[in-house]
Every structure is written in structure tokens, then in C-alpha cells.
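Undergrad: 3D model of this:
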Amino acid sequence: MTVPYGPIRDEIRHNRGFIDVRGRPDKAREIVEGRDSPALGNLLVRVAIPGSPIFTLGCDFGSHREPTNVPARRREVAGGYIQFASIYYDRASPKSYAAFGNAIIAFLKMQVGEDNWNIDFVGQGVNFQFDDKPKGIFPSLWLWFFAAARDPFSAVASRERLIQAIDSASAGEGLESLENQAGCILCLRFEERA
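TA: A predicted model of the protein is given here:
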């Protein structure tokens, strides 16, 4: 994957392409997926504020019905993905993304309640090609999320709660837990200022 990238259309995706929202919450408000999901819209705007130690490389969401061998209480699924990178992506290590992901999981475990959530983290190398920043292949964190329920409406409502929890974890609990870990995303922000 190369960033920035143009629109991608295939049988699974209708991706509108990369929108650089680093430090631009006004542009983040324009992302279509964020208008269709209030929770995702809030996350995108928050991560785009100036001084945020992370930014998004892409996002999407959708829904589907699982096969009939899945219990009815989990048959309808609403999910999607968000891909994060450190604002200092050229210095963030895979270990820092693993710590960030672990902090998100720890926070989500406290928030899940009766919801049925599934989260998959995928570390992915990205070929960053910004004009004003270092170029090359550096790590990122792709977070795939799924909320299952008995009916489509409940699955979407659960997905919104899940995205809200991811937003909270990546804003406070997730980043705060990284402050003391060497090479972490937040530490890179402080090192840059020194």
C-alpha cells in the first residue's frame, strides 16, 4: 500500500482514496464514512486535530449476514476498519503499534458489556510518499472491528458503541498507557519537540 493513494473500487471496496487530514479536522468532517457513522466521524475529527500523535490512513465499514451455522444471536454483523499511523511514522516501531493495540484491547474489555465484539489487528508496512515528510516503507496498524447481533439494527448500534470505545481508547486510555514505553507513538511526539 502506498500513501497517498487514489480511489479503489472492486467487488468488496468502494474506497474514495486517501484524504490527508493531519492537523485538519475540517477536512476530516468531509469524509463520507464519518457522515454515515457518527462514532466514526467523531474519531476521524479527533485524530485529525493539530498535535495528535496519530493519524488515519483509511477507514471503511459495512455489514453482512453470517452463514446459518453461526448462532442467531451473532448472525448479523456490522464492522469495518481504521488504519492508524504515528505522526512520526518513520520512527515508530512495530513494538509501539503492538503496545498501542494492547492498550486498546485492554480498554475495550472493560467496555464490551453484553455486546459481541471482535477486533483484529494487522501490522502493515506502508510506502509513505508524502511530499513534505520522509519517504519509505514504515509500519502502521490496521484495526478491523466487527460487532455481531441478532438483527441488523442491533449490529449497527453495537458497531457504533465499539467505534466510540476505540475512539476513547485511542484518545486517552490507549495513548496514556504508552507514555512510559520506549519508542511509543506518544513518546515520539515528545522526542520530536526536544
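Undergrad: what's stretch 114-129 in contact with?
TA: 1-4, 57, 73-74, 79, 83, 85, 89-90, 94, 97-98, 101, 104-105, 108, 134-149, 158, 161-162 (CB atoms under 8 Å, 6 or more residues apart in numbering). For every residue, glycine as well, the C-beta is placed using N, CA and C.
Undergrad: can you tell me which of those are in strands?
TA: 2-3, 57, 79, 83, 85, 136-149 (DSSP state E).
Undergrad: among those, name the buried ones.
TA: The neighbour-count test (16 or more other CB atoms under 10 Å) marks 3, 57, 79, 83, 85, 138-143, 145-149 as buried among the ones in strands among the contacts of stretch 114-129.
Undergrad: lowest pLDDT pick from these?
TA: Note: of those, the lowest pLDDT belongs to Val3, at 71.
Undergrad: these two touch, right, it and Leu57?
TA: Yes. Val3 is within contact range of Leu57, at 5.6 Å (criterion: CB atoms under 8 Å).
Undergrad: who touches both of these two?
TA: 18, 126.
Undergrad: local confidence estimate at the residue nearest to the spatial centre of the chain?
TA: Note on the chain: the residue nearest the mean C-alpha position is Ile82, at 2.9 Å, using CA atoms, centre = their mean. What the model reports as pLDDT for Ile82 is 92.
Undergrad: please apply the same query to Gln164.
TA: With respect to pLDDT, Gln164 has a value of 92.
Undergrad: residues in contact with the helix or strand hosting it?
TA: Using DSSP states H and E, Gln164 sits in helix 152-168. Outside of helix 152-168, the residues within contact range by CB under 8 Å, 6+ apart are 37-40, 42-43, 46, 61, 63, 76-80, 82, 104, 107-108, 111-112, 115-117, 143, 145-149.
Undergrad: which residues in this protein form helices?
TA: Assigned by DSSP state H, the chain shows helices spanning 25-28, 32-36, 38-47, 94-111, 152-168, 174-176, 185-193.
Undergrad: okay, these in TSV with distance to Gly125 and mean neighbour count next?
TA: Below are the helices of the chain laid out as TSV (distance: least, CB to CB, whole Å; neighbours: other CB atoms under 10 Å):
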stretch	distance to Gly125	mean neighbour count
helix 25-28	24	16
helix 32-36	24	14
helix 38-47	21	20
helix 94-111	9	18
helix 152-168	22	20
helix 174-176	22	20
helix 185-193	17	16
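Undergrad: of all these, which lies closest to Gly17?
TA: Judged by CB to CB, the one of the helices of the chain that comes nearest to Gly17 is helix 32-36, at 11.2 Å.
Undergrad: distance check, Pro53 against Ala85.
TA: According to CB to CB, to the nearest Å, Pro53 stands 10 Å off from Ala85.
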